[in-house]
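Colleague: The following block contains a protein sequence and its predicted model.
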Amino acid sequence: MPKPRKQQVSVEATPYYHCVSRCVRRAFLCGTDSVSGQSYEHRRSWLEERILALPQIFAIQVAAYAVTSNHYHVVLFVDSDQANGWSDMDVVLRWHQLFKGSVLSQRFVREEILSEAEQNRLRILIEEWRSRLSNISWFMRVLNEAIAREANAEDACSGRFWEGRFKSQALLNEAALLSCMAYVDLNPVRATMADTPETSEHTSIKQRIKHSRTVKTPDSVSEQTPLLLPFTGNPRQDSPAGIQMLLSDYLALVDETGRIIRSNKRGAIDDKLDPILNRIGLDDQQWLTMTQQFERCFSRFVGNETNVRQACEQLGYKRPTGVSQVKRLLAG
């Protein structure tokens with residue numbers, strides 16, 4: 001039986017999560033149906049636009065994403081500090097971009113006078129909405145429902161469009177995060193939908209590369225695309241929220257990994273790749289296995305054995321889950 005989502009997600013354990021949603025119907029999410037010949041390629045733009053728009057409302061940022069023919073991947077960063085720093089008005093205005101809210105919240109926005117009882121009721125609602133705006137289940141719900149409505153309207157049908165539950169994996173350390181991001185960013189290359197990362201449509205890696213070509217210093221946090229969680233460089237005390245690695249290092253890592261994964265480009269890994277893998281505690285074979293088979297390699301939690309045992313303890317598991325996989329691939 002699937003575990004309740006509250007036993008899979010704990011921002012105290014990690015703010016990073018890999019989520020996957022798959023289409024439940026035979027009809028394609030995107031691409032071209034080989035039987036009917038009908039193209040659904042335009043739906044990939046729907047999904048990409050929504051993935052990039054929701055972080056402007058939620059206290060959740062996107063580190064990586066890829067949209068394929070019948071499913072999509074996102075790597076999410078939950079920014080609890082951002083949500084806790086919002087004023088009550090910030091929360092209400094953000095929530096109203098998604099839903100109508102309540103009569104009280106509409107009156108609050110219009111700056112009408114509320115009684116003490118109404119103010120107390122509104123505070124309860126606002127705290128509930130604040131929590132939802134930093135919750136990956138609500139992020140995925142809002143994302144999937146919008147696409148399902150548009151697809152059902154286009155197909156002139158009703159019913160479920162997505163599988164009932166999205167899959168989530170907690171990324172507990174740097175090696176887990178980077179290998180998962182590379183796995184997601186190289187999805188179209190592995191599926192032979194693209195020859196290179198920079199030509200892979202509807203992916204975060206293309207978004208980052210495209211933007212980096214328009215600026216003078218791509219590694220600067222201020223010059224990276226505002227649509228995605230930034231790379232903040234090597235760890236330091238005053239480092240802003242983001243991925244603690246240089247963007248240029250990550251792009252090199254993905255490019256070299258893609259060369260290994262491509263069946264017609266097998267060969268030795270370039271020398272510049274080795275320090276990156278050494279820094280995150282992986283050898284070449286571990287990295288290659290994870291970036292090709294990430295979902296199959298791990299269950300709910302991804303990190304070293306200590307990370308996984310701590311996360312399971314925090315979430316109330318009677319025994320750790322997935323320890324054997326992480327001991328084999330992420331020992332340390």
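Modeller: Sure thing, it's come through.
Colleague: how far away is the residue nearest to Val67 when sequence neighbours are not counted from Arg43?
Modeller: Excluding the flanking residues, the one nearest Val67 by Cβ to Cβ, 6 or more residues apart in numbering is His202, at 4.1 Å. Quick note: C-beta positions are derived from backbone N, CA and C, even for glycine. Separation of His202 from Arg43 (Cβ to Cβ, to the nearest Å) stands at 10 Å.
Colleague: What is the neighbour count of Ser239?
Modeller: 12 (other Cβ atoms under 10 Å).
Colleague: What residues does it make contact with?
Modeller: The contact partners of Ser239, taken as Cβ atoms under 8 Å, 6 or more residues apart in numbering, are 232-233.
Colleague: Which residue ranges of this structure form strands?
Modeller: Secondary structure of the chain (DSSP state E): strands at 16-22, 60-67, 71-78, 167-171, 301-302.
Colleague: got a list of contacts for the second one?
Modeller: Put plainly, it is strand 60-67. Outside of strand 60-67, the residues within contact range by Cβ under 8 Å, 6+ apart are 16, 29-30, 44, 47-48, 51-52, 54-55, 72-79, 133-134, 136, 139, 177, 180-181, 184-185, 187-188, 200, 202-205, 227-229, 241, 243.
Colleague: Can you get me a residue count around Gly242?
Modeller: By the criterion of other Cβ under 10 Å, Gly242 has 18 neighbours.
Colleague: From Asp249, how far off is the closest residue to Glu198 other than its chain neighbours?
Modeller: Spatial nearest neighbour of Glu198, excluding adjacent residues (Cβ to Cβ, 6+ apart): Ile209 at 4.7 Å. Using Cβ to Cβ, one gets 14 Å for the distance from Ile209 to Asp249.
Colleague: likewise Val91?
Modeller: Separation of Val91 from Asp249 (Cβ to Cβ): 37 Å.
Colleague: Compare these two (neighbour count), which wins?
Modeller: The neighbour count for Val91 versus Asp249, taken as other Cβ under 10 Å, is higher for Val91 (22 against 19).
Colleague: Might you report the residue contacts of the more buried one?
Modeller: With Cβ under 8 Å, 6+ apart as the criterion, the residues that contact Val91 are 126, 129-130, 133.
Colleague: same deal with Val75?
Modeller: Counting by Cβ under 8 Å, 6+ apart, Val75 touches 16-19, 62-65, 171, 177, 180-181, 184.
Colleague: looking at it, Ile205 is touching Glu198, isn't it?
Modeller: Yes - counting by Cβ atoms under 8 Å, Ile205 touches Glu198, with 7.5 Å between them.
Colleague: For those two, indicate the residue with more neighbours.
Modeller: Set Ile205 next to Glu198 and count neighbours by other Cβ under 10 Å: Ile205 wins out with 29 against 17.
Colleague: separation between Leu52 and Ser137?
Modeller: From Leu52 over to Ser137 (counting by Cβ to Cβ), the distance is 20 Å.
Colleague: ugh, wrong one, Val24
Modeller: When distances are taken as Cβ to Cβ, Val24 and Ser137 turn out to be 18 Å apart.
Colleague: do the same with Ala66
Modeller: Relative to Ser137, Ala66 is positioned 21 Å away (Cβ to Cβ).
Colleague: what does Tyr65 give?
Modeller: Applying Cβ to Cβ, one obtains 17 Å for the distance of Tyr65 from Ser137.
Colleague: same check, this time on Gly164
Modeller: When Gly164 is compared with Ser137 (using Cβ to Cβ), they lie 12 Å apart.
Colleague: More neighbours: the two, which one.
Modeller: The residue with more neighbours, out of Gly164 and Ser137 and counting by other Cβ under 10 Å, is Ser137; that gives 16 against 7.
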